[in-house]
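Undergrad: Show me how the following folds:
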Amino acid sequence: MNTTTTLTLVTTIILLVVSTPAPAQNYDLLVDNLPDTLVVVDRARPPYPNKGVRSGQEGWVRVNFVVTPEGNAVDPIVMDSVGGVEFEKSVRATIPRWTFEPLSETNANVTADVRFEIHQGRDLATSNFMRRHRRIVRMLHNEDNEGARTWVDQAAELGGWNLYESTMLWLMIGRVEGVEGNDVGKLEAYRRAHGVNTRGAIRGEDRRELLRRTFELEMGQSQYAAAEQTLRALKREPGSQKDIEQLAELIAKLEEQLAGDDPIVARATLFNPADSEEGYPLWSYVPARRTFSFAALNGNVERFEARCARDRLEGPVEAGKTWSLPDDSGDCQVFVFGDDGASFDFVEHIESETVDATAGKAVAKTNGLD
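TA: Next up is the predicted model:
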């Protein structure tokens, strides 16, 4: 893989360009999963942290929130971020000021990607960053894995990087996680590189390779619903036929798992994707089926919340208890909360499967998370 390039977002997004006369405050507000019925009344502009402007730091925050029937945006969850605490604080403070036209029902699954970009022709890597990048590459080549880990951690701690450099850095972190044998960390690093990328980034073979490796990692952790989405993105790439052929065995396994009657078991590990004190360890997933349970609990896994297109549901995480999402609630994203490093199996069941006496419907949630 050519790690000196960046990556273009692979999910379908609605792009809204927001600009002001001050070039240092220009950034793009990207909103994914925004229904046509959700009409903006007021979308306040998250302020660019002054410290970020001075250092040249660019930021990116992916946040999920709920829109109430009154049209208010509430309970933001930072799903991922790059750039540091100040960018997260800016988004957290601003989301509750967003309003939409009143709805007939709660819209509980709205995800926004907020980009803080300094438009000064910096969509490239600086010489300072490239010196660090080349050193890390040499260390990995010489199997100095401990040195590579030290240098990528220092680069992440130093900050001041633009989004182009941040994308490269997360690709390097993924490589270091890989040589350390941490496939969970490697997958999260590659996913973050997917999200933080600048437009016009990794293309062609490099882009296909990153999608292919992400797909392989998702399959390795039995995250079949996520792997299906990644596979769709790979198939849309020009020239991907050879990649599809190389993945034929894994694709056949994926199709068999999704179409079969056996439960789908995704292995999951909680981690804190936020830098600010308001963040909390979580795992998020878009399930392929409507009925699920939890198993193989290891550590403190407390509760889940399912934010669906037309409903918001929650319940405790208990081994052996089955939960069913309403059929009319639309697409759902499940968030699981607990302690950093806790792990579990997320088990998806077929619709016709008999639910035992311990099963229950998830309970509608009306209060905030905090």
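Undergrad: what comes up buried for stretch 65-73?
TA: For stretch 65-73, a neighbour-count test (16 or more other Cβ atoms under 10 Å) marks 65-68, 71-73 as buried. No exception for glycine: its C-beta is placed from N, CA and C like everyone else's.
Undergrad: residues in contact with that stretch?
TA: With contact meaning Cβ atoms under 8 Å, 6 or more residues apart in numbering, stretch 65-73 is reached by 38, 41, 74-77, 95-110, 112, 307, 312.
Undergrad: need the strands for the stretch 51-200 of the chain, in chain order.
TA: Taking DSSP state E, counting those that start in this stretch as the test, the strands found in the stretch 51-200 of the chain are 59-67, 73-82, 99-100, 107-116.
Undergrad: Nearest approach to Gly160 belongs to which of those?
TA: Checking the strands of the stretch 51-200 of the chain against Gly160 by Cβ to Cβ gives strand 59-67 as the closest, at 11.2 Å.
Undergrad: Quick check: mean pLDDT of that closest one?
TA: Strand 59-67 comes out with an average pLDDT of 91.
Undergrad: Could you do stretch 189-197 as well?
TA: Confidence over stretch 189-197 (mean pLDDT, whole number) is 86.
Undergrad: Just the CA trace of that stretch, in PDB.
TA: Backbone C-alpha positions of stretch 189-197 (Å, rounded to 0.1, in the frame of the first residue of the first chain) are rendered in PDB as follows:
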ATOM      1  CA  ALA A 189      -7.200   2.600  12.600                       C
ATOM      2  CA  TYR A 190      -8.200   1.800   9.000                       C
ATOM      3  CA  ARG A 191     -11.800   2.800   9.600                       C
ATOM      4  CA  ARG A 192     -10.600   6.100  11.100                       C
ATOM      5  CA  ALA A 193      -8.500   6.700   8.000                       C
ATOM      6  CA  HIS A 194     -11.600   6.000   5.900                       C
ATOM      7  CA  GLY A 195     -13.400   8.700   7.800                       C
ATOM      8  CA  VAL A 196     -10.800  11.500   8.300                       C
ATOM      9  CA  ASN A 197      -9.600  11.400   4.700                       C
END
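Undergrad: ok, how many other residues are close to the nearest residue to Gln229 once chain neighbours are set aside?
TA: In space, and not counting its chain neighbours, Gln229 is closest to Val286: 7.4 Å by Cβ to Cβ, 6 or more residues apart in numbering. Burial of Val286 is recorded as 14 neighbouring residues (other Cβ atoms under 10 Å).
Undergrad: okay, now the domains of this structure?
TA: Domain assignment for the chain, taken from automatic domain parsing, gives 14-116, 127-259, 264-364.
Undergrad: my guess is the residue nearest to Gln229 meets Phe335, correct?
TA: No. At 10.8 Å, Val286 and Phe335 do not qualify as touching, with contact defined as Cβ atoms under 8 Å.
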